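Colleague: Return atomic coordinates for the entry below.
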Amino acid sequence: MEKYGIPQISTGDMFRAAIKNETPLGVEAKKYIDAGQLVPDSVTVGIVRDRLVKDDCKSGFILDGFPRTTAQAVSLDAILKELGISLDAVLNLNVPSEELVKRISERAVLENRADDNPETVQKRLAVYEESTKPLIDYYRNSGLYQEINGLQDVDAVFADIIKALEK
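Modeller: Numbering: from 1, shown residues only. A predicted model of the protein is given here:
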């Protein structure tokens, strides 16, 4: 994140780059992403761990889209412990499903992303309910969890994120 001089680590961006470059990881990830499923934890955790040990993460980082499952969160805890790093905050940008479908549909038109078709979006929302939503309780119990109203305009969401990080 530019404001803090730290990288934003997006598993989605890493997977899209691997898909574009047709790397073995990209070919494997594409199968899952196109079907609206999560890329298996072992692959996702490995790519994140490899990224967190890079020099630009020494002063901090923001994880975007990771973890997505409780198993990934447990793996992240182990990685952070091994690296001597602790989390400062866990932020959830809360947006109702109907609005997400609308936004993703608009993005599909603008960016021509294959993983943004209506069927895949519905599968992704179902996966969220089953696999990702339990993370709220996992992190709420840690005392790190903070919810951000994702329905606000971009500047207000950013301001709330900064407030949450500065607590």
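Colleague: Quick one: list the elements packing against the helix or strand bottoming out on mean pLDDT in the chain.
Modeller: The least trusted helix or strand in the chain, going by mean pLDDT, DSSP states H and E, turns out to be helix 118-127, with a mean of 82. Secondary-structure packing of helix 118-127 (3 or more CB pairs under 8 Å, 6 or more residues apart in numbering; DSSP states H and E): helix 97-111. The C-beta positions use only the backbone N, C-alpha and C, and glycine is treated the same way.
Colleague: model confidence over the helix it packs on, on average?
Modeller: For helix 97-111, mean pLDDT is 84.
Colleague: Can you list the buried residues in it?
Modeller: 104, 108 (16 or more other CB atoms under 10 Å).
Colleague: cool, stretch 44-62 as well?
Modeller: So for stretch 44-62, counting by 16+ other CB under 10 Å, buried means 44, 45, 47, 48, 49, 51, 52, 61, 62.
Colleague: Reformat these into JSON lines and put secondary structure and pLDDT next to each item.
Modeller: Formatted as JSON lines, those follow (DSSP: H, G, I helix; E, B strand; the rest coil; pLDDT from 0 to 100):
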{"residue": "44", "secondary structure": "helix", "pLDDT": "89"}
{"residue": "45", "secondary structure": "helix", "pLDDT": "90"}
{"residue": "47", "secondary structure": "helix", "pLDDT": "86"}
{"residue": "48", "secondary structure": "helix", "pLDDT": "90"}
{"residue": "49", "secondary structure": "helix", "pLDDT": "90"}
{"residue": "51", "secondary structure": "helix", "pLDDT": "90"}
{"residue": "52", "secondary structure": "helix", "pLDDT": "92"}
{"residue": "61", "secondary structure": "coil", "pLDDT": "94"}
{"residue": "62", "secondary structure": "strand", "pLDDT": "93"}
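Colleague: Now the two most distant members of those residues.
Modeller: 45 and 62 (17.4 Å; CB to CB).
Colleague: now, among the buried residues of stretch 44-62, which is nearest to residue 24?
Modeller: Ranked by distance to residue 24 (CB to CB), the buried residues of stretch 44-62 are led by residue 47 at 12.0 Å.
Colleague: ok, and the closest non-adjacent residue to the closest one?
Modeller: Counting by CB to CB, 6 or more residues apart in numbering, residue 47 lies nearest to residue 14, which is 5.7 Å off, once chain neighbours are set aside.
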